[in-house]
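Asker: Fold the following.
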Amino acid sequence: MTAQAAKAEPLRRWDRETALVAQLAACVSFISFAYYFQHNGLLLYGDAVAHINIARRVFDSRTPGLLQLGTVWLPLPHLLMIPFLLSDKAWQSGIGGSVPSMVAYALGSAGIFRLVRSALSVDSRPDPTARIAAWLSAIVYAANPNLIYLQTTAMTESLYLALFIWAVVYFSEFVQESFQEDGPPPAAGSSLVKCGLCLAAACLTRYDGWFLAVAMCTAAFAVALQAKNKIPRRSLAKFVMLAAAAPALWLAYNAIIYRNPLEFANGPYSARAIEQKSASPGSPAHPGSHDLPVAFSYFFKSAELNLAEGIWQKLWVALLLAGTLAILIFDRRLWPLLLLWAPLPFYMLSIAYSGVPIFLPTWWPFSFYNVRYGLQFLPLFSVSAALPAYFLLRSARHKYAKTGVIAAIPILTAASYVSVWLAQPVCFHEAWVNSRTRIALETELASTLTKLPHDSSLLMYLGDRVGALQRARIPLRRTINEGNHRPWKAPVDSEGLWERALANPSQYVDFVVAMDGDPVDVGVRKQDLASLVVIRTSGQPAATIYWTHRSSR
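Answerer: Here you go, the predicted structure:
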C-alpha cells in the first residue's frame with residue numbers, strides 16, 4: 001500500500017469524527033425522546049401502535065411464532081423491536097418500539113456525514129473543504145424537526161433512511177475505488193458487498209428499498225463495464241443476490257403462507273384494498289390517482305412541508321436544484337449521489353397506481369395523511385445543501401467570502417427549522433390530528449377492560465384497536481384475534497381458532513369486544529349474548545362488550 005493510500009485510509013473507516021457525529025446525534029435523540037415521552041407523543045401514530053403489537057404478538061399470542069408478522073408490512077422493523085418488547089413496561093409505554101428508531105437516527109446522521117466527506121475528498125485525500133461540507137450536511141439531516149420526532153416512535157422512516165443512506169455510502173465508495181488507477185479491486189468488491197447488505201436490510205424494511213435495489217443493480221452493472229479495475233465477478237454476484245434475496249424471500253413467504261405472492265400488494269390488508277374500502281361511492285379518487293404530474297406535485301410538496309414553512313421552502317428547492325446541477329456540470333464523478341433521487345419516481349408510481357394517497361393540509365382535501373412520506377427526500381436535501389457550499393468554498397479566495405458561505409447553510413437551516421417548530425412539525429401534527437378520536441376510544445375502552453376479571457379471555461378483532469389492550473395492560477395471549485388464523489387455509493378455515501371462536505364465542509372466551517362493522521360484530525349478531533356496556537366516542541365506531549356466560553376456568 002502506498003503512503004498516499006495509507007493516509008487516505010481513515011476516510012474509509014468509522015473514525016473519530018464520524019463517531020462524534022453519531023454521538024452528538026445520540027444526544028439529540030435522547031433529549032427529544034425524553035420530551036415526547038413526557039408529552040405522550042410516542043404512540044400518537046396508529047401505525048406505530050400496530051408495529052409494536054405485531055412485534056409483540058410473535059411471542060405474546062395464543063398462536064405465537066413468526067407467522068404473526070403477517071403480510072403487507074415488511075418484517076425487519078418488527079424483528080428488531082422484539083428484544084425490547086419482552087418487557088411489559090416497554091411494550092405498554094411504547095419505549096420498546098422507539099429504541100431501533102433512535103439507534104437508526106444516530107447511524108443515519110453519521111452516514112450522511114461520511115457520504116459527503118468521502119464523496120468530496122479529491123483522489124481519496126483528506127480535504128478540509130469536504131469535511132466542512134459533510135458537517136453542514138449532517139446538521140441539515142440531524143436537526144430536522146420531523147425526523148427528530150419520528151425517530152422517537154416505532155415508525156419505520158428512521159430505520160429505512162439510515163439503511164438507504166449507508167447503501168449509498170458504500171455504493172459511492174465502490175464507484176470511487178473502481179475508478180482509481182492504483183486501487184486494489186478487492187476494496188471495490190468489499191464496498192459493493194457491504195452496499196448489498198444494507199440494501200437487503202432496506203428491502204426488508206420498506207418497499208422503497210425494492211425500487212432502490214433495481215436502480216443500484218443497474219448502476220452497478222454499468223460501473224462494472226466501465227471500471228478501470230476489473231470488479232471481481234464474485235463480489236458483483238453477491239451484491240445482486242443480496243439485492244434480490246429480500247424481495248424474493250418476501251414473495252416466497254406470501255406465496256407459501258397466503259397462497260398469493262402479491263398478497264401484500266393486492267390482498268385484503270393492502271393499501272389498494274384499504275383505499276377501496278374507505279372510498280365513498282361516486283367520490284373522486286385521491287389526488288394523483290392515475291396522474292403522474294399530480295402525484296409528483298403532492299409528493300414534492302410533502303417533502304417541502306417536512307423541511308420548512310412558507311418562503312423557506314422555495315430556498316430549499318433552489319438548493320436542491322443547485323446541488324443536482326453542480327453534480328451534472330462541475331463534477332460528474334459525484335453521480336452516485338443522484339441515487340438519493342430514488343424516492344421521487346417510487347412515490348410518484350405508488351401514488352398514481354398503487355392506491356397510496358398523500359393528503360396535505362395546504363391542498364385538497366386539506367387534511368393529513370402520509371405527509372411523512374416526504375421525509376424520504378431529507379437525505380437528498382441534506383446533501384444538495386452541502387454541494388453548492390463545497391464548490392463555492394473551493395472557488396472563494398477571500399476569507400470573509402468563505403466565512404459567509406460556511407455560515408449561510410446553518411443560518412438557512414436554523415431559520416427553516418425554527419419556522420417548522422413554531423408551526424409544529426407536520427409529522428407530529430399529522431399524528432396528533434389523526435389520533436384524537438382513536439385515543440379517546442382506546443382510553444375509554446381500556447378503562448372498561450381493566451374492570452374485567454384478570455384471568456378472563458376476550459374475543460376481539462384487534463385491527464386499529466389493539467392500543468386499548470396495550471393501555472389496559474392486557475397481554476395479547478388473553479385474546480383470540482384475527483392473528484390466530486391459519487392464512488394458508490384461505491378462503492375459509494373452519495378448524496381455525498379464530499373462526500371457531502367467532503362461530504361459538506361462549507365456548508372459547510369469557511367476553512367479546514365488538515366494534516360496529518368489524519368481523520366480531522358481524523359474528524356476534526348471530527349469537528344470543530348479553531351486552532354489558534356500549535362505549536361511544538366521537539368519530540369512532542361504537543364498542544360493545546358482551547358477556548358469554550362461560551364458566552371461569
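
Asker: which residues of the stretch 351-500 of the chain fall in strands?
Answerer: Secondary structure of the stretch 351-500 of the chain, counting by DSSP state E, counting those that start in this stretch: strands at 458-460, 479-480.

Asker: I'd like these written out as CSV, with distance to residue 206 and mean pLDDT added.
Answerer: In this view, the C-beta of every residue, glycine as well, is placed from N, C-alpha and C. As requested, the strands of the stretch 351-500 of the chain are exported to CSV (distance: least, C-beta to C-beta, whole Å; pLDDT from 0 to 100):
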stretch, distance to residue 206, mean pLDDT
strand 458-460, 29, 97
strand 479-480, 29, 97
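
Asker: right, and those - which one's nearest residue 67?
Answerer: Closest approach to residue 67 among the strands of the stretch 351-500 of the chain (C-beta to C-beta): strand 479-480, 15.6 Å.

Asker: Check what contacts the closest one and list those residues.
Answerer: Under the contact criterion C-beta atoms under 8 Å, 6 or more residues apart in numbering, strand 479-480 has outside partners 62, 457, 458, 459, 460, 462, 469, 497, 498, 501, 508, 509.

Asker: Ok, stretch 51-66 next?
Answerer: 43, 68-70, 73, 75, 77-79, 81-82, 85-86, 91, 94, 96-97, 154-156, 462, 466-467, 469-470, 475-477, 479-480, 483-484, 497.

Asker: show me where this protein has strands.
Answerer: Residue ranges of the strands in the chain, as given by DSSP state E, are 458-460, 479-480, 511-515, 530-535, 543-547.

Asker: any chance of the ones you listed in a markdown table, plus mean neighbour count and distance to residue 422?
Answerer: Converted to a markdown table, the strands of the chain look like this (neighbours: other C-beta atoms under 10 Å; distance: least, C-beta to C-beta, whole Å):
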| stretch | mean neighbour count | distance to residue 422 |
| --- | --- | --- |
| strand 458-460 | 26 | 42 |
| strand 479-480 | 26 | 43 |
| strand 511-515 | 25 | 38 |
| strand 530-535 | 13 | 37 |
| strand 543-547 | 21 | 38 |
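
Asker: Nearest residue to residue 372 in space, please, no chain neighbours.
Answerer: For residue 372, ignoring the flanking residues on the chain, the nearest one in space by C-beta to C-beta, 6 or more residues apart in numbering is residue 427 at 4.6 Å.

Asker: residues in contact with the one you found?
Answerer: For residue 427, the residues meeting the contact criterion (C-beta under 8 Å, 6+ apart) are 146, 149, 150, 306, 371, 372, 375.

Asker: Show me what the mean pLDDT comes to for stretch 516-534.
Answerer: Mean pLDDT, computed over stretch 516-534, is 89.

Asker: how near is residue 99 to residue 262?
Answerer: 32 Å (C-beta to C-beta, to the nearest Å).

Asker: To clarify, my last question referred to residue 498.
Answerer: In terms of C-beta to C-beta, residue 498 sits 23 Å off from residue 262.

Asker: Those two: which is more packed in?
Answerer: residue 498 (22 against 13; other C-beta atoms under 10 Å).

Asker: I'd guessed that one sits against residue 487; true?
Answerer: No: applying C-beta atoms under 8 Å, one finds residue 498 not in contact with residue 487, separated by 10.5 Å.
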